[in-house]
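Trainee: structure, please.
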Amino acid sequence: MLRRLVIVIGWLAVFSLLVGLAFWQFQRGQEKSRLLEAYGAAQAHSGALEVNADAARSVSASGVAFIKACFTGRYEQDRQFLLDGQIHDGIAGFDVWTPLKPADGDPVIVNRGWVAQDANRAPAGSLRVPENDREVCGMLVRFPRSGWSFRASVEPHGWPKVVVYPDPAELEQALGSRVYPLLLQLDSHEPDGFERNWRPVVMPPERHYGYAFQWASLALTWVVISVVFWRRHR
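Mentor: Model prediction:
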C-alpha cells in the first residue's frame, strides 16, 4: 500500500511539474506579446511627451513603460556607468549609461548604446561626449533587471563604474543625488551614441509558446506511457 502511494505521489509530482512549466511558458509568451504591443503603440506615437518624475515613478511601478520623450540638459561625461554582460553579434561589451543633468530636476540616465570590451575588460573606444546644453530624445523604459548577480551591482570606486543591473537607488547612491525613475534609450538618429538596436524583448513570444507546446507534449507523453505501462502490469 505504501509503495503504491509513493508511486502515485511521484507520478503526480512529475505530471504537475510538466503542466506547470507549460503554463509558465505560455504566460511568459502572453507577457512578451503585451510588451511588444505596448512598444509598437509607443513607436507609433507621433510626438514626444513631457513626463515629470512623479508620473514616471507611477508608470515604472505599473510594470510596463514605453514612452517617447525628450529632455534638455548636459551630459555628465565624468560620471558614467557601464552595464556589464551585454552581448552584440557574439561580442561581449557594455551599454553606456550617461547622466543628463537638466537645468532643474533629477538627472536622467541615458543609455547611449553598446560598446565592445577590450582585452582588459574596458571600453574599446572613447566614451567622451560634449557637455553643452542639448535636447536628447529617446524611449523611456524601466531600468532592466536580472535575477542573477554574483557581485556588487555598482563598483565602489572610480569612474566610469561597471554595474550589474543596478536599481535606481544604487545609481542614486553612486551619484549622490536622486535620478529620474525611468531609463532613456537614445534614439538611433541622435548624435553621440553607440551601437543601438533597441528591442523590447530578448526572446520573442513565439519561442515561449513553442516551449509551452513542448512541455505540454511531454506531459501528454507521460500520461500515455503511464497508461500503457499500467495496462500491461495490472
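
Trainee: output the longest strand anywhere in the chain as CSV - backbone C-alpha positions only.
Mentor: Scanning the chain for the longest strand, with DSSP state E as the assignment, gives strand 91-101. Provided in CSV are the C-alpha atoms of strand 91-101 (Å, rounded to 0.1, in the frame of the first residue of the first chain):
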residue,chain,number,x,y,z
ILE,A,91,30.9,40.0,-28.8
ALA,A,92,30.9,41.0,-25.1
GLY,A,93,30.6,44.6,-24.2
PHE,A,94,28.8,47.3,-22.2
ASP,A,95,25.8,49.5,-22.5
VAL,A,96,26.9,53.1,-21.8
TRP,A,97,24.7,54.9,-19.3
THR,A,98,25.4,58.6,-19.1
PRO,A,99,23.6,61.0,-16.7
LEU,A,100,21.9,64.0,-18.4
LYS,A,101,21.6,66.9,-15.9
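
Trainee: buried ones in that strand?
Mentor: Of the residues in strand 91-101, 93-101 count as buried by neighbour count, 16 or more other C-beta atoms under 10 Å. Using the backbone N, CA and C atoms, a C-beta is placed for each residue, glycine as well.

Trainee: mind listing the helices for this protein?
Mentor: Per DSSP state H, the chain carries helices over the ranges 2-44, 53-62, 168-175, 205-233.

Trainee: so where's this structure uncertain?
Mentor: Counting by pLDDT under 70, the ranges of the chain that qualify are 45-55, 58-64, 146-153, 155-156, 234.

Trainee: cutoff 50 now
Mentor: By pLDDT under 50, the chain has no low-scoring segment.

Trainee: how about the nearest residue to the one residue sitting closest to the centre of the chain, chain neighbours excluded?
Mentor: What sits nearest the mean C-alpha location of the chain, by C-alpha atoms, centre = their mean, is residue 144, with 3.5 Å. Closest residue in space to residue 144, ignoring its immediate chain neighbours: residue 165 at 5.9 Å, by C-beta to C-beta, 6 or more residues apart in numbering.

Trainee: cool, and residue 171?
Mentor: residue 179 (5.2 Å).

Trainee: contacting residues for that neighbour?
Mentor: 99, 106-109, 168, 171-172 (C-beta atoms under 8 Å, 6 or more residues apart in numbering).

Trainee: thinking again about what came up before, look up how far residue 95 lies from the residue nearest to the centre of the chain.
Mentor: Between residue 144 and residue 95 the computed distance is 9 Å (C-beta to C-beta, to the nearest Å).

Trainee: count the residues that sit near residue 7.
Mentor: Residue 7: 11 surrounding residues under other C-beta atoms under 10 Å.

Trainee: on that earlier part again, in the contacts of residue 179, find the pair that's most separated.
Mentor: Largest separation among those by C-beta to C-beta: 108 and 172, giving 12.8 Å.

Trainee: of the two, who's got more company?
Mentor: The residue with more neighbours, out of residue 108 and residue 172, is residue 108; 24 against 15, by other C-beta under 10 Å.

Trainee: sounds good, over and out.
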